[in-house]
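Asker: task: produce atomic coordinates for the following.
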Amino acid sequence: MRIWIFRSSLYTENAKTKAFKRTRQVALITGISALSLTACGQGTSTSSAPVGKSTVGASTTTGSAYPTHAITLIVPFAAGSGPDTTARKVSEIASTKLGVSINVEDVPGAGGAVGLEQIASSAPDGYTIGYGAVANVDLQPQETKSGFSGPNSLTPIAQVDQTAFVIVTNANSGINNLSELVKLAKASPGKVRIATDTTNSIIALDAKLLGSDSNATFDAVPLGAGHQIIGVLNGTAQAAIAQTVLAKPYIQSGKLKVLAVLTSSPVSGIAAPTAASQGFSNLISGYEFIAGPKGLPANVVARLDSAFQYALDSSAFKSYAQSVSLIGLYKDSSQLTSELQSDYTSLGAAVKKYGL
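Answerer: Reported below is the predicted structural model:
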């Protein structure tokens, strides 16, 4: 809303003339201001919303024209990371459907908790949304205390992908599948090392699940995100669990061998069977999604959901996903909400069972 202020010169005339002109000026300004306020919906109101109570969520609050200006997408990961790159790609395409730009803002820190807190505390008007991963939203809040308390703090909008994990070994290890890796661990309990990224990630949980499912004892070694690959190459570990995109260059160069992919279906460009097809159905991969603060109006959720579905269906995103061995996997707001709640429960049980 703009309030226009008009100024005019007062001539050096007699006091009566000056007073008359001032009176006309006040009337003119008052009349125009009233018209401006009424046009902006802030003059005489017929709204039935109680005074002092928020109308967020009502159709009159966001308007049917949403969005009318740029949207900020908070990414709780470092610039240049895999999630950041994917968020930028999918947002670039979704913005063409929305008709406004989506500006990505990286807010890393505390394993994603800093950015997630910022998303959760934003106004639920659709102009600040965020990018999340199941590890940050469902797993880590149950492992460590932070200002972010889990999926109930958000409004899920749309799932973007499934982040494929692989179990790899050195190409010269002589290990050809998961059964052989398990057999080696059973022969030398606690001496077969599996490199992971951190101690409180989905990857670290997979290392626990592999041992639990097979009654084998592995030594899970956290080497840092991305560094678990190096651990296998230099002999620090016999195997590693990692994101496919990190392992792919070494797989293609012949330095690493893939024992299994931890997805429900094979991954493009990776010639290896799934873990489930080898009898290890509990091993999981991560997934990433778009979400907003709790209380987003239904019309805003529907508009954003449609735009990100459009992005995932585009040839541009499919080409990108294939190039980084990412599985584009769209789920709508309702499906994603159910999935996050279910995983929060199951991951919470795993946290207690394994003492993560």
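Asker: could you tell me whether L329 really is in a strand?
Answerer: Yes. L329: assigned to a strand according to DSSP: H, G, I helix; E, B strand; the rest coil.
Asker: right, and it touches T163 too?
Answerer: No. Applying C-beta atoms under 8 Å, one finds L329 not in contact with T163, separated by 9.6 Å. Backbone N, C-alpha and C define where each C-beta goes, glycine included.
Asker: so for the two, which sits in the more crowded spot?
Answerer: Neighbour comparison, L329 and T163: the larger count goes to T163, with 26 against 18 (by other C-beta atoms under 10 Å).
Asker: what mean pLDDT does the host helix or strand of A185 have?
Answerer: Per DSSP states H and E: A185 is located in helix 178-187. What helix 178-187 shows for mean pLDDT is 95.
Asker: what segments of the stretch 1-150 of the chain are helices?
Answerer: Here the stretch 1-150 of the chain has its helices, by DSSP state H, counting those that start in this stretch, at 15-39, 59-62, 82-98, 113-120, 134.
Asker: by mean pLDDT, show me the worst of those helices.
Answerer: Across the helices of the stretch 1-150 of the chain, helix 15-39 has the smallest mean pLDDT, namely a mean of 37.
Asker: distance of T163 from S333?
Answerer: Separation of T163 from S333 (C-beta to C-beta, to the nearest Å) stands at 20 Å.
Asker: picking that back up, now do the shared contacts for L329 and T163.
Answerer: When contacts are counted by C-beta atoms under 8 Å, 6 or more residues apart in numbering, L329 and T163 have Y287 as shared neighbours.
Asker: you'd agree A164 is up against V324?
Answerer: No. The pair formed by A164 and V324 falls short of the contact definition of C-beta under 8 Å, at 9.6 Å.
Asker: in terms of neighbours, single out the busier of those two.
Answerer: Ranked by neighbour count (other C-beta under 10 Å), A164 and V324 place A164 first, with 26 against 19.
Asker: quick check: neighbours shared by A164 and V324?
Answerer: Common contacts of A164 and V324 (C-beta under 8 Å, 6+ apart): T244.
Asker: and Y127, what does it touch?
Answerer: For Y127, the contact set (C-beta under 8 Å, 6+ apart) comprises P67, H69, A70, I71, T72.
Asker: and if we set it to 7 Å?
Answerer: Listed by C-beta atoms under 7 Å, 6 or more residues apart in numbering, the contact set of Y127 reads P67, I71, T72.
Asker: can you tell me, leaving aside adjacent residues, what's nearest to the second one?
Answerer: It refers to I71. Nearest residue to I71, sequence neighbours excluded (C-beta to C-beta, 6 or more residues apart in numbering): I102, at 4.8 Å.
Asker: how far out from the middle of the chain is the helix or strand in which A247 is found?
Answerer: A247 is located in helix 244-252, with elements delineated by DSSP H and E. Its chain's average C-alpha position is 23 Å from that of helix 244-252, according to C-alpha atoms, centre = their mean, to the nearest Å.
Asker: buried residues, it. List them.
Answerer: Applying a neighbour-count criterion of 16 or more other C-beta atoms under 10 Å, one finds T244, V245, L246, A247, K248, Y250, I251 buried in helix 244-252.
Asker: dump those residues to a markdown table, plus pLDDT.
Answerer: Listed next are the buried residues of helix 244-252 as a markdown table, based on pLDDT from 0 to 100:
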| residue | pLDDT |
| --- | --- |
| T244 | 89 |
| V245 | 84 |
| L246 | 88 |
| A247 | 91 |
| K248 | 89 |
| Y250 | 95 |
| I251 | 93 |
